[in-house]
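>>> the sequence and its predicted three-dimensional model are supplied below.
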Amino acid sequence: MAADLQGAWYALGTGADAGVLPYQRLRFDGDRYFVVTSAGNAYCAEVGTFQVTAAGVDFEVDHVEGFGPCVEPPSRTEPVSWTATGIALTSGGKVVSYARIRNVPKVFATVATHNGNFGGDPLLPGASALDRADAFCDQSPAKPDSGHYRALMWDGVNRPAPPTTAGVLRPNTTYFQADGVRNVLTTDANSYITFQQTIIPDWTTILYFWIGSGCQGWTSANSTLLSLLVDASQPQLVSVSASCDSSSNGILCVGDGDTIGGGADGGLDGGTSGGGAGAPDLQGAWRPVSSFADAGVVAPPVSPYERLRFDGNRYAIVTNDALSYCGEVGTFQASASSIRFLPEREEGSPRCLIGDVRDAALTLDARGLTLSVAGADARYVRADAVAKIFATLETHNGDFLHDPSVAGSTAIARADALCNQSAARPDDQTYKALLVDGTNRAASPLIDWVLAPQTTYYQASGALPMFTSDAQRHYGTTNVFTNPVLTGLGNFTYFWSGLNSDFSTSTTTCQGWSSADPKSEGGGADSRWTFADAVTIACDEREWSLVCVSQ
């Protein structure tokens, strides 16, 4: 029994059980155990030894450590039983069920703290300061599993800073909280980060951790030096600075886990059909409807602006609502009557949640596609093959020319490649970026311009029209779009453009979309109303995406 318990577990249903902390995980390693909890203003780890007896699991408490009011519990015996999901432990008359933590890439925060001089700590093994910071991660009681973890830190010598494919974070990968359930962040092809959830679940108090490069390559505790800290209670990691002699901060640690990130093709790899014997033909793009007699775009129980695409053995589900724009990418397996979704990564922001591996009953007939889960039906019809416009889920700085993750001889060509690699690409049409530099693409005079004459353009689902271009391949400047790029997204969303309202090219194009200089600016349009620049930001910012037009 003791051998069977080895490994990492997380508590199920803790949010609904008032007798259990909202977030709890448990790890057995040899004869030692670690219980990690977080709730409100407490993030704590209980450490001790255990043995399995006829009465259950004997927990012999050694100590607790962490942030907030961490209270050391008494040693105890908890009856244990096997369940359909894993194990159940009973303490004080309350039963807590646990499931094994998946071996996915994870990020966790240490419960121990340290000053900025990791290189000078004789208690940590390693040849460099970063090696010793990594050892600090691996020695942490909050470590989620038995894998190797590395500090989310760099010095530019022993470990490069983003953008890089040789750093701590893998490219095109979704990382999870320590319990392996909720996704924390997704990296792009250059390992730049989009954050989606907080690193410490259910934590409501400001809590700062060392990150990035600082303290002279993490070799100094000099009080006159400042280094970057981030608040792990916020999904966007709000940053401040602290002196390197501060010893009240932990670090963030990253583990590899099993590779789950696919390539940069956004689910468009031309692979096999994803179906077994008798599997129906699901290939192509689908949009939701409330009923097969309803041509509208209101489709409970799925998001009213959800769209689904199958390509080879891969799928992409893209949704947007009042506050978020998200995309889930993975592989699928289909039979004549069911489908299994195996998610790989999540794109978009903010607070996009990746789905778990899941099964749905599948019905495909002349009317359309029905997916049924737990008695709830989601109906889809094939998306019309019309001229479409979509916004990429992936964001980018103003330098497209020097992005090694996309191909092309010019900045505009690389922006086009980003459109066609995007997880939000609606179908197999070719798309070009609505991005002008006045040389390789312009709307006036017409140079490789993306709009066709007298053509009605639709949103990505193909259901709602946006506008009809005129004979000059422009759109009306006196009226807003009939529908915005993203219906349902209540807040404004900007995208790189470089276009003036009279269709000329602006002077704020990040030097022809070739510079990420913070002193240079690029123009962006509000996706609700127009393609013309409305505001500008520094070219090193990665807040904006692209709008892409079918050809």
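Sure thing, it's come through. Note that the coordinates shown come from a computational prediction; the quantities given were computed from them, not determined experimentally. Residues are numbered from 1 along each chain as shown.
>>> quick check: which element contains the residue nearest the centre of the chain?
The structure's the chain has its C-alpha centroid closest to T186; by Cα atoms, centre = their mean the separation is 3.4 Å. Element membership for T186 (DSSP states H and E) is strand 183-187.
>>> quick one: contacts for P144?
For P144, the contacting residues are 8, 25, 27, 101, 106, 108, 178-180, 255, by Cβ atoms under 8 Å, 6 or more residues apart in numbering. Yep, even glycine has a C-beta here, placed from its N, CA and C like the rest.
>>> actually L308, sorry about that
Residues touching L308, when contacts are defined by Cβ under 8 Å, 6+ apart, comprise 285-288, 315-318, 380.
>>> can you tell me the helix or strand for it?
For L308, the host element (DSSP H and E) is strand 307-311.
>>> that strand pairs with which strands?
strand 284-289 (antiparallel), strand 314-320 (antiparallel) (DSSP bridges).
>>> mind listing what's buried along the very next helix or strand once past the longest one?
This points to strand 314-320. If you walk from strand 314-320 toward the C-terminus, the next helix or strand you reach (DSSP H and E) is strand 325-334. When burial is assessed from 16 or more other Cβ atoms under 10 Å, strand 325-334 yields the following buried residues: 325-332, 334.
>>> quickly note the distance from G408 to G498.
Between G408 and G498 the computed distance is 17 Å (Cβ to Cβ, to the nearest Å).
>>> which parts of this protein belong to which domain?
Following automatic domain parsing, one gets these domains for the chain: 2-100, 103-261, 284-382, 385-551.
>>> dump those domains to JSON lines, plus mean pLDDT.
Compiled in JSON lines, these are given as follows (pLDDT from 0 to 100):
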{"stretch": "domain 2-100", "mean pLDDT": "88"}
{"stretch": "domain 103-261", "mean pLDDT": "91"}
{"stretch": "domain 284-382", "mean pLDDT": "82"}
{"stretch": "domain 385-551", "mean pLDDT": "92"}
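>>> before we move on, the earlier item: settle it for me: which of G408 and G498 has more neighbours?
Set side by side, G408 and G498 show unequal neighbour counts under other Cβ atoms under 10 Å, the larger going to G498 at 30 against 16.
>>> which residues are in contact with that one?
With contacts defined as Cβ under 8 Å, 6+ apart, the neighbours of G498 are 435-438, 505-506, 508-509, 513, 522-523, 533.
>>> and with 10 Å instead?
Contact criterion Cβ atoms under 10 Å, 6 or more residues apart in numbering gives 398, 412, 434-438, 441-443, 504-510, 512-513, 522-525, 531-533 as the residues in contact with G498.
>>> ok, now R441?
Listed by Cβ under 10 Å, 6+ apart, the contact partners of R441 are 410-413, 415-416, 432-435, 447-450, 498-499, 505, 513.
>>> what about the strands in the stretch 201-350 of the chain?
Secondary structure of the stretch 201-350 of the chain, counting by DSSP state E, counting those that start in this stretch: strands at 208-210, 226-231, 239-243, 250-255, 284-289, 307-311, 314-320, 325-334, 338-349.
>>> wait, which of those strands is closest to D62?
Minimum separation from D62 across the strands of the stretch 201-350 of the chain (Cβ to Cβ) falls at strand 250-255, 19.8 Å.
>>> mind giving me the packing neighbours of that closest one?
Contact here means 3 or more Cβ pairs under 10 Å, 6 or more residues apart in numbering; DSSP states H and E; on that basis strand 250-255 packs against strand 106-109, helix 129-138, strand 149-151, strand 174-176, strand 183-187, strand 208-210.
>>> just how off-centre is it within its chain?
Centroid separation for strand 250-255 versus its chain: 17 Å, with Cα atoms, centre = their mean, to the nearest Å.
>>> now stretch 510-521
Computed by Cα atoms, centre = their mean, the chain-centroid distance of stretch 510-521 equals 26 Å.
>>> using PDB, write out every CA atom in it.
C-alpha atoms of stretch 510-521 as PDB (Å, rounded to 0.1, in the frame of the first residue of the first chain):
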ATOM      1  CA  CYS A 510       7.600  50.600 -35.900                       C
ATOM      2  CA  GLN A 511      10.100  51.400 -38.700                       C
ATOM      3  CA  GLY A 512       8.200  49.300 -41.200                       C
ATOM      4  CA  TRP A 513       7.400  46.700 -38.600                       C
ATOM      5  CA  SER A 514      11.100  45.900 -38.200                       C
ATOM      6  CA  SER A 515      11.700  47.400 -34.700                       C
ATOM      7  CA  ALA A 516      10.900  46.500 -31.100                       C
ATOM      8  CA  ASP A 517      12.600  49.700 -29.900                       C
ATOM      9  CA  PRO A 518      10.600  51.100 -26.900                       C
ATOM     10  CA  LYS A 519      11.400  54.600 -28.200                       C
ATOM     11  CA  SER A 520       9.600  53.900 -31.500                       C
ATOM     12  CA  GLU A 521       5.800  53.600 -31.900                       C
END
